[in-house]
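pasting the sequence and the predicted coordinates here, then a few questions.
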Amino acid sequence: MKDDLQAIVEDIHSKLQKRLGEGKVADYIPQLAHVDPKKFGIAVVTVDGKVHSAGDCDEAFSIQSVSKVFTLTLALGKHGETTWNRVGREPSGSAFNSIVQLEHEEGKPRNPFINAGAIAVSDLVLAGHTPREAIGEILRFVRYLADDEEIAIDPAVAKSEEATGYRNFALANFMRSFGKLTHPVEHVLGVYFHHCAIAMTCTQLARAGLFLAANGCNPTTGHTVVSSQRARRINALMLTCGHYDGSGEFAYRVGLPGKSGVGGGIMAVAPGRASIAVWSPGLNHNGNSLVGSLALEMLADRTGWSVFGH
């Protein structure tokens, strides 16, 4: 690498200062509407465990859809390849909360990262559990990945989503009508809303994604989380589906597997090298962090980490 990684991270943070406040903060979840749009954090954790960070990297934010990577990993651990009987592996090309495609495809969501797909995954994680137990299992798993017991669910955000998540109720009831959900809709959505309300810092989130950068093993704890094949496949899904209908653009500009959330967070993976988390609440028209995406594009450019070549 041409420059020292910490210097690169600090330089990206400083160069993007003039762009802070651009984009639109998610306001359809009332609790998220209050977040300061000028926040910006970045953390890079390399596979040797070293942390390189800048800005608001230790302020917790709502990870929202980034959590879908962790619930998918759990569901695959429980159900293996039968998971794919319930949810597909193709990019959607539609908005993350679209119902049109779901009707056309008879209640089987296109991939696990759009809302309908993540609701189907929550149903799989719920198997054999009460909603409270399933939520506890997800939170314990995320704490285990990040090696940090401080990570928590923000109850105000979960309540805020539950009070306003009409479209998610519609998606879930629709899937239930096709026999694609096995548990009561309220239970499944209780799990879904709570895992989306997990709050983490950039440093915690980058640590939690490290197993995907290191062939399924967390190099800092020595824990094997998934097989190297499964880590590779989760990365492939993040690359093709991780940014809703902006996934192609993200692959073109950044070239790293990544998963965004409407809280303004993005977790990205440079296989064999590092796990990265950025947070800036202003979103672009696809619902992805505007400054966060720019930061990752600059990082990939400066490091040569794109999976498509240097």
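In hand now; what should we look at?

now W305, nearest residue through space, not along the chain?
A270 (4.0 Å; Cβ to Cβ, 6 or more residues apart in numbering). Just so you know, the C-beta spots here come from the backbone N, C-alpha and C atoms, and that holds for glycine as well.

next: Q204.
Nearest to Q204 is A146, by Cβ to Cβ, 6+ apart, at 4.6 Å.

then D48?
D48's closest residue in space is P219 (Cβ to Cβ, 6+ apart), at 7.0 Å.

the one you found against L210, yeah?
Yes. Judged on Cβ atoms under 8 Å, P219 makes contact with L210 at a distance of 6.6 Å.

anything in contact with each of the two?
Jointly contacting P219 and L210 under the rule Cβ atoms under 8 Å, 6 or more residues apart in numbering are V47.

the more surrounded of the two?
L210 (24 against 16; other Cβ atoms under 10 Å).

and that one, what pLDDT?
Model confidence at L210, given as pLDDT, is 98.

which residues touch it?
Applying Cβ under 8 Å, 6+ apart, we find L210 in contact with 45, 47, 145, 218-220, 275.

one more: E297?
253-254.

please identify which helix or strand holds it.
Using DSSP states H and E, E297 sits within helix 290-303.

buried ones in that helix?
By neighbour count on 16 or more other Cβ atoms under 10 Å, the buried set for helix 290-303 is 290-300, 302-303.

closest to N111 out of the residues you listed?
Using Cβ to Cβ, S293 comes nearest to N111 of the buried residues of helix 290-303, at 19.6 Å.

now for the closest one: which residues touch it?
Contact analysis of S293 by Cβ under 8 Å, 6+ apart lists 250, 253-254, 260, 266, 284.

can we see that at 10 Å?
Contacts for S293 (Cβ atoms under 10 Å, 6 or more residues apart in numbering) come out as 23, 243, 246, 249-250, 253-254, 258, 260, 266, 268, 278, 280, 283-284, 286.

between the residues you listed, which is nearest A33?
Nearest to A33 among the contacts of S293 is L283, at 11.9 Å by Cβ to Cβ.

if that closest one is in a bridge, with which residues?
L283 has these beta-bridge partners by DSSP bridges: K24, S289.

residues near it, how many?
Neighbour tally, L283, other Cβ under 10 Å: 24.

can you check D147 too?
15.
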